[in-house]
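What shape does this take:
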Amino acid sequence: MQDGSLPIASYRVVFDLERRIHRIDRFRVPLPYGLPLRSLAYALVALACILAIEHVPVVGRAPGLLPTPARLVLAPVAISYALTRLRLDGRSAHAAASCWLRYIAAPRHLVAFQPRRVRGVERLGDLAMAPNASGGAWRRGTVSGPAEVFVGVPFRRSGRGGRLILDRLDGQAAGEVVALATDERLVLR
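The predicted structure follows:
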């Protein structure tokens with residue numbers, strides 16, 4: 001622009017402020033744009049983690065193999081630099097980590113916007129399935145135990161592990177009850 005104005009495509013860029021240290025007393029920080037406070041926080045947390053890991057019985061020997069300056073200065077600086085540069089979906093490392101921890105801690109299934117609570121097994125009643133008038137073929141499906149399934153047609157039984165597979169056979173109607181344990185599945189083919 002000729003008049004000296006600067007076009008701004010998004011105000012997010014204007015308000016996305018990052019606190020930086022440019023000088024400490026009369027000492028100027030030798031970084032072109034200063035030291036982000038976030039980097040300093042990452043370095044302090046990394047140093048605290050390294051010092052804590054040294055006191056863990058089995059894993060504590062690994063940081064001890066590094067020379068003291070590399071362990072107490074270079075490693076926290078390298079971790080801090082990597083975490084400062086890391087952007088996941090436009091988020092800083094600590095924001096992405098907190099979102100990931102919230103995701104891990106959240107329930108996997110919700111019922112009526114509340115965590116689903118399993119309180120044992122409830123019997124819902126009998127479910128009758130019958131073929132329609134167009135044919136006598138049964139529908140493919142899976143039934144998870146515990147359950148009792150009454151099969152009113154001839155079938156061939158096969159199984160692998162906790163799976164019981166029923167294949168329909170042609171012939172006269174016959175009735176048999178198939179009982180399933182808690183961790184068994186019945187597959188209708």
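
Now Phe155: phi and psi?
phi -150, psi 160 (degrees, to the nearest 10).

And for the closest residue to it other than its chain neighbours, the neighbour number?
The shortest distance from Phe155 to any non-neighbouring residue, by Cβ to Cβ, 6 or more residues apart in numbering, is to Leu166 (4.6 Å). Backbone N, C-alpha and C define where each C-beta goes, glycine included. The tally of other residues near Leu166 (other Cβ atoms under 10 Å) stands at 20.

Ok, Phe155 next?
19.

thinking again about what came up before, tell me the buried residues in whichever strand or helix holds the residue nearest to Phe155?
Taking DSSP states H and E as the definition, Leu166 sits inside strand 163-168. If you call a residue buried by 16 or more other Cβ atoms under 10 Å, then strand 163-168 has these buried ones: Leu164, Leu166.

about what we covered before: doesn't Leu186 make contact with the residue nearest to Phe155?
Yes - with contact defined as Cβ atoms under 8 Å, Leu166 counts as touching Leu186 (6.7 Å).

Find residues that contact each of the two.
Counting by Cβ atoms under 8 Å, 6 or more residues apart in numbering, the shared contacts of Leu166 and Leu186 are Val178.

that older thread, for the strand holding Leu166, which strands pair with it and how are they oriented?
strand 155-160 (antiparallel), strand 185-188 (parallel) (DSSP bridges).
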